[in-house]
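> Give me coordinates for this.
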Amino acid sequence: MIKVTKYVIYDIVRNRVLIAYTLFLFLIASTLFNMEEDPSKAIISLMSIVMIMVPLISIVFATTYFFNSYEFIELLVAQPLKRSTILLGEYIGVALSLSFAFFIGIGIPIILFDATATGFVLILSGILLTLVFISLAFLSSVITRDKAKGIGIALMIWFYFSIIYDALMLALLFTFSDYPLEQAMIPIVALNPIDLGRIIIMLKLDISALMGYTGALFKSFFGNSMGIFYTCCIMFIWIIAPLLYSIKVFNRKNL
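Residues are numbered from 1 along each chain as shown. The predicted structure is shown next:
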């Protein structure tokens, strides 16, 4: 697994898309901190970018890389290696590369301009979202052999969590506005990793006007610390569950 991971990392760090992604995040973060006198306002602006860009780049990049390295994966499968070892090596390599790119792009400006607990929570949230959507990317890649279909599935997953899910939530709240939905909303919110990442940051910022309905619910039920701990635990489930199912499908797949 370690050798596979090393090869993947060595291959990805030379990728121009990853370099452009890192530079883009770094320039955006640095510009926002230089423009805003209050670092917390820059954090809020960065949060909006992280919640949209990081999941999109992570899932598209990981899916594309998986299909581009399909011949290499087939070669590894022909060797005396477990398929689970191969897939985990690929996942860890992609995850470490994208997480490091995010840390360079967002983490370094935060450390330089706003080395506070809120800034580190934003870094944590972005890394967790990166890992979640890489897991979802691997799942969308192993269920089909067609590259275009795999990327299409990945984009639909991102589109659902970024836009469709929020629309469904609003429709649910509007339809059942006469009923007490507070307790039911807690597990429902856990079904969207992007919302969870946003809530982690909002709980730390403690800005009630920006927390929205779901953020206010988490604060009232769990408080700041417990709310962050709960959301992080759910995020880890979002990382592990798709990855384990991907391994299960990959083990049975006819390459």
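
> List the buried residues for the lowest-mean-pLDDT helix or strand in the chain?
The weakest-scoring helix or strand in the chain, judged by mean pLDDT, DSSP states H and E, is helix 182-189 (a mean of 72). Within helix 182-189, the residues that qualify as buried by neighbour count (16 or more other CB atoms under 10 Å) are 185, 189. C-betas here are computed from N, CA, C, even on glycine.

> mind exporting it as CSV, just the C-alpha atoms?
What follows is helix 182-189, C-alpha atoms only, in CSV (Å, rounded to 0.1, in the frame of the first residue of the first chain):
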residue,chain,number,x,y,z
GLU,A,182,-36.6,20.5,15.4
GLN,A,183,-35.6,17.0,16.6
ALA,A,184,-36.2,15.5,13.2
MET,A,185,-33.9,18.0,11.5
ILE,A,186,-30.8,17.0,13.4
PRO,A,187,-30.5,13.6,11.6
ILE,A,188,-31.7,15.0,8.3
VAL,A,189,-28.9,17.7,8.3
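
> Tell me the first helix or strand C-terminal of it.
Using DSSP states H and E, the helix or strand that follows helix 182-189 in sequence is helix 193-205.

> just how off-centre is that following helix within its chain?
Put simply, helix 193-205 sits 12 Å off its chain's centre (CA atoms, centre = their mean, to the nearest Å).

> Counting by contacts, list what it packs against.
Applying 3 or more CB pairs under 8 Å, 6 or more residues apart in numbering; DSSP states H and E, we find helix 193-205 packed against helix 39-68, helix 117-142, helix 165-175, helix 182-189, helix 208-252.

> Distance to residue 107 for these - can I get that in CSV?
CSV is the format used below for the helices and strands packed on helix 193-205 (distance: least, CB to CB, whole Å):
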stretch, distance to residue 107
helix 39-68, 11
helix 117-142, 5
helix 165-175, 27
helix 182-189, 26
helix 208-252, 17
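
> Of all those helices, which one comes closest to residue 197?
Proximity to residue 197, assessed across the helices and strands packed on helix 193-205 by CB to CB, is greatest for helix 117-142 (4.4 Å).

> what helix or strand does the residue nearest to residue 12 when sequence neighbours are not counted sit in?
Among residues not flanking residue 12 along the chain, residue 97 sits closest, at 4.1 Å (CB to CB, 6 or more residues apart in numbering). Following DSSP H and E, one finds residue 97 within helix 83-102.
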